[in-house]
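# Okay, sequence plus prediction incoming.
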Amino acid sequence: MDIQDFRKDFLEEIKATAATAGEGSTSAFVNIFTNYLINAEVLPDFSYAFYTGSGKNNRLLRADGYFLDEFDYTFNLLIADYYGDEKDEILTRTDATQLFDKLMYFIEESYGTTLIKAIEPSRPAADMVEMLRYSKMQISKFRLFLITDRFMSGRISTLEPRIYNNIPVECQIWDIERLYRVCCSELGRQEIEIDFKAYTPKGIPCLQVSNTDSDEYQSLLCVIPGVTLADIYDSYGSLLLEGNVRSFLSTKVAVNKKIRETIMKYPDKFFAYNNGISATAMDVVIANSEEGQFVTYAKDFQIINGGQTTASLSNARHKDKADLSKIFVQMKLTKIDADPEKATGLIRNISKSSNSQNKVSEADFFSTHPFHVRMEQISRRLYAPAVGGVQYNTKWFYERARGQYLQQQMRMTKNEKAKFVAQNPKKQVITKTDLAKVRNSWDGLPHIVSRGAQTNFMKFAEIIDEAWTKSDNIFNDLYFKESVALIELFAHTEDIVTHQTWYEKGYRANIVTYSIALFHEVLQKQYPDHDLDLLMIWNRQEVPELVTNELAKITKQVFDVITDPNRETINVTQWCKRDSCWKRLQTCEIVLNNDIQKLLISVSEKKTVDRDAKKKQKFISDVEAQVKVLEYGAGFWIQVNSFSQNKCLGSPDLMAALKCAMQMPSKLPNTYQSIKLLELLEMAESEGFKSR
């Protein structure tokens, strides 16, 4: 897929979304574009809030949405430039400057009294202004995004930095080509390339660890000046921090206070008191000089431990005017294999093992987690029923890693791509954050879902990781089918809300997650021995009219509660993040139509279906284990046997299984033995086993 194909598909997706959702093309453009940016971790999250008008001296104002990153208090504001023409339109420097001016004027007017009075309080734009005003003393940086379906002029190489009330303002242009590069990169996110010599003349002094002979990685011990680390963070912000780590650390506010105290009171002792940072890079350039070795360049530089240290240095310099000249930070830099699959697994293990202020849990949930692998495997073999007169079955494509759907089409011919897209329609792509959103909504966590994609995903990760540890067989074909049903239910509820007369183009995401959660809550209260038959939705590939009618009533009640003038906080978006908001909604008196019983399944029947699905999954897992053992080959298991004996690993049963595996193919381990062999292999690898 080249950029022209990508742009054509992108514009078609906007037109189709606008037509089916009943919203304007620009609104569809903003929502689709920002979803790409969220998945690529360019934006942590996003709230759509359109405003256009004029201010002092008839200056034009405009904003299309915002997000306050509470990790480092960067306020992200976005403006859209949508043409919708398939011709190659060019965004000039003059165009870009005028659009960014509108955002800057919007910020200025927000801090006055005229604009806040002019906007209807129930509109999302009022929340955007209120958030700007409420966070005024905390904001460390403004990041302005200009998103466009045009191509950026080659003359816009750099944009002059701006400043507002001594707060730095960064301007980013995301044209269609930049979006294409991120979506179609193997990493599925923006790569950060750092020239360390731009920050410090010689680069970062380092020492290569000599006892690493692995092709997968190279380790370096570095000392990075605090000023340099803060400068780099000012340039790239939380993009430097691996997404899941950023979400995990953002809840640990107490650590910031300790780090800040060291910065302010004991800067010369920072190196001794602080645990430093751990970082990874796909490529590293090292320069040799008489004074030693220096890292001069790093490609795809990511801080995977020590995010609080990094952000605290930047914040202390801006907020407290701290002198960082005496501060130095130890950094363990790991150059990793460029292969995305190997890199992801290694990063995951480094994150779990690194000794930093906040140890990241097992539930960091990288794409190599076995849960994601299984969901991917199921999605590739399971066909959904054909509906609507279509004469072929389709699949729901699960993206275990970011950008898989587009990357899989990159090397296809035109005919191959047409066949692939027909079998895997774009509207049936499931991302990890999609799955987390619908599952947590159904499980009664709408206030968590409302806190943003990353926070919600981390909660989902914890739930799944704990359940997987107890029994992975519950994650089977049935679980996948029910998840698809919930995704359809979620999308259908979005459509219901969009077409309601009371809907005012705001808070749809909050209304939908709360409506799904409340519907399930009421259903379980009214029919405690039953639940909605999600498999029925999978089989129909559509939501029954009875459910539609109930959701139409519930969505209105949800809207009334979250926009109630007597709510706990003025900002509706912030109100929806509170547990008390969910508790208030749970007190709503709702009675479902008795006809809904036709769509329910009894608890006893559901247990039988679940039990059968677990048995089937256990059989599949057993077969997969046996196949994996066979694929390793007898020679491999001979090495495992030798290592295990030296380390005194294993039991008599395992030794018997190993003996069998070493005689393959004349003898074959059974499924039980295969599972035990894989457990032994995992144990051996934790002890240092490597296949020669």
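Here it is on my side, so go on.

# buried residues in stretch 126-138?
Buried residues in stretch 126-138, defined by neighbour count with 16 or more other CB atoms under 10 Å: 126, 127, 128, 129, 130, 131, 132. Quick note: C-beta positions are derived from backbone N, CA and C, even for glycine.

# Just give me the closest of the residues you listed to residue 58.
Among the buried residues of stretch 126-138, residue 129 lies closest to residue 58 (CB to CB), at 19.3 Å.

# Hmm, residue 119 and that closest one touching each other?
Yes. Contact criterion CB atoms under 8 Å: residue 129 and residue 119 qualify, at 6.3 Å.

# quick one: common contacting residues for those two?
Jointly contacting residue 129 and residue 119 under the rule CB atoms under 8 Å, 6 or more residues apart in numbering are residue 51.

# Can you tell me the closest non-neighbouring residue to residue 459?
residue 448 (5.0 Å; CB to CB, 6 or more residues apart in numbering).

# for that neighbour, phi and psi?
Main-chain dihedrals, residue 448, degrees, to the nearest 10: phi -70, psi -40.

# so it sits right up against residue 439, yeah?
No. Using CB under 8 Å, residue 448 is not in contact with residue 439, being 10.9 Å away.

# Run through the stretch 51-200 of the chain and note the low-pLDDT ranges.
Low-confidence segments of the stretch 51-200 of the chain (pLDDT under 70): 157, 185-190.

# How about the stretch 201-350 of the chain?
Across the stretch 201-350 of the chain, the ranges flagged by pLDDT under 70 are 210-216, 238, 242-256, 337-350.

# ok, which stretches of it are strands?
Per DSSP state E, counting those that start in this stretch, the stretch 201-350 of the chain carries strands over the ranges 204-208, 217-225, 277-281, 283-289, 292-299, 302-305, 328-336.

# Centre of the chain to the first one, how far?
Okay, so that is strand 204-208. Centroid separation for strand 204-208 versus its chain: 32 Å, with CA atoms, centre = their mean, to the nearest Å.

# Give the buried residues for whichever helix in the chain runs longest.
Identified as the longest helix of the chain according to DSSP state H is helix 603-632. The neighbour-count criterion (16+ other CB under 10 Å) identifies 606, 610, 613, 614, 617, 620, 621, 624, 625, 626, 629, 632 as the buried residues of helix 603-632.

# end-to-end on stretch 497-505?
Start-to-end span of stretch 497-505 (CA to CA, to the nearest Å) is 9 Å.

# Please compute how far that stretch lies from its chain's middle.
28 Å.

# Quick check: mean pLDDT of it?
The pLDDT scores in stretch 497-505 average 90.

# try stretch 646-662
82.

# Give me the contact list for that stretch.
Contacts of stretch 646-662 (CB under 8 Å, 6+ apart): 629, 632, 634, 637-638, 640-641, 643-644, 667-669, 673-674, 676-677, 680, 683-684, 687.

# same thing but 6 Å
Stretch 646-662 has contacts (CB atoms under 6 Å, 6 or more residues apart in numbering) with 634, 637-638, 641, 644, 667, 669, 673, 676-677, 680, 683, 687.

# Restrict that stretch to CA atoms and write it as CSV.
Extracted C-alpha coordinates of stretch 646-662, given in CSV (Å, rounded to 0.1, in the frame of the first residue of the first chain):
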residue,chain,number,x,y,z
ASN,A,646,23.6,-29.7,35.3
LYS,A,647,21.1,-27.4,37.1
CYS,A,648,19.2,-30.2,38.8
LEU,A,649,16.0,-29.2,37.3
GLY,A,650,12.9,-31.3,36.7
SER,A,651,11.3,-34.4,38.2
PRO,A,652,11.2,-38.1,37.2
ASP,A,653,8.1,-37.4,35.2
LEU,A,654,9.9,-34.6,33.3
MET,A,655,12.9,-36.8,32.7
ALA,A,656,10.7,-39.4,31.2
ALA,A,657,9.1,-36.8,28.9
LEU,A,658,12.6,-35.6,28.0
LYS,A,659,13.7,-39.1,27.1
CYS,A,660,10.7,-39.4,24.8
ALA,A,661,11.4,-36.0,23.2
MET,A,662,15.0,-36.9,22.6
